[in-house]
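Q: Here's a sequence, model it:
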Amino acid sequence: MSAPVPLLPSDEGLPWREPLPLVVPPVVLEGRAVRLEPLSLEHAPALAALCEDELFTYFTVVPRTLADVERFIADRLRGAEKGTERPFVILEKATGTPVGSTSYLDIQRDSRTLEIGWTWLGRRVWRTRVNTECKFLLLQLAFESLGVMRVQLKTDQRNTRSRAAIERLGAKFEGILRHHVLVRGGVVRDSAYYSVIDTEWPDVKARLLGMLQKEG
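A: Alright, predicted model coming up:
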């Protein structure tokens, strides 16, 4: 009989240990321009005031009213209770004003992977350092504190603005998942997938720090 192939060749000769499950606790993340806090229903009115249809052209849902935003937040909080999501409100640090929302989602406890998504920003902070800083804080937490193996990002294949922003971060394009989901009442969406893996994080981190330095 041939010898079994070791599951972890780099640990050959060491006792095998089950990886610890990935748990993402509620945390506060703070940068120079933004502060990410756990999302709650209390943030609904301020977020609803930011809603414009253009913000959600390629979203799977289009929140227009306070009730829509409350449903969106309630869905995210149910995911948090299950341990599959961790949603944040994005606050402008200088004023404490909500300017959008973002989340960890699809948290895979055993595989130690997750996705960054459900990200939307009020028009006033488009083309500012806000999105870059949010992604930096979330990626830094994932790789340096949570021990995540892979961070996934995805968007509608047709969303050229979002795809350019993801590629600008240094995430690698993985391909198109065709006929992935039905969105906005029955529209067929093909999704473009990207990722950053743990071994790429040092280079991506340096890239993001350079971008933030240029963005002032």
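Q: residue boundaries of the helices in the protein?
A: Applying DSSP state H to the chain gives helices spanning 44-48, 66-82, 130-140, 160-169, 201-215.
Q: Send me the fourth one as PDB with only the CA atoms.
A: In this case it means helix 160-169. Provided in PDB are the C-alpha atoms of helix 160-169 (Å, rounded to 0.1, in the frame of the first residue of the first chain):
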ATOM      1  CA  THR A 160     -17.800  48.600 -14.800                       C
ATOM      2  CA  ARG A 161     -17.400  51.100 -12.000                       C
ATOM      3  CA  SER A 162     -17.500  48.500  -9.300                       C
ATOM      4  CA  ARG A 163     -15.200  46.200 -11.200                       C
ATOM      5  CA  ALA A 164     -12.700  48.900 -11.800                       C
ATOM      6  CA  ALA A 165     -12.700  49.800  -8.100                       C
ATOM      7  CA  ILE A 166     -12.200  46.100  -7.100                       C
ATOM      8  CA  GLU A 167      -9.300  45.700  -9.600                       C
ATOM      9  CA  ARG A 168      -7.800  48.900  -8.400                       C
ATOM     10  CA  LEU A 169      -7.500  47.400  -4.900                       C
END
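Q: What are the buried residues along that helix?
A: 162-163, 165-166, 169 (16 or more other CB atoms under 10 Å). Heads up, the C-betas are built off the backbone N, CA and C, glycines and all.
Q: mind checking how far residue 156 is from residue 171?
A: 16 Å (CB to CB, to the nearest Å).
Q: more neighbours, the two?
A: residue 171 (23 against 20; other CB atoms under 10 Å).
Q: Can you tell me the closest non-neighbouring residue to that one?
A: In space, and not counting its chain neighbours, residue 171 is closest to residue 194: 4.0 Å by CB to CB, 6 or more residues apart in numbering.
Q: and the one you found, how many neighbours does it have?
A: 20.
Q: any idea how far it is from residue 108?
A: In terms of CB to CB, residue 194 sits 17 Å off from residue 108.
Q: likewise residue 86?
A: Distance from residue 86 to residue 108, by CB to CB: 13 Å.
Q: Can you pick out the residue with more neighbours from those two?
A: residue 86 (24 against 16).
Q: ok, the more buried one touching residue 102?
A: No. Here residue 86 lies out of contact with residue 102, judged by CB atoms under 8 Å, at a distance of 10.0 Å.
Q: Would you quantify the distance from residue 149 to residue 113?
A: 6 Å.
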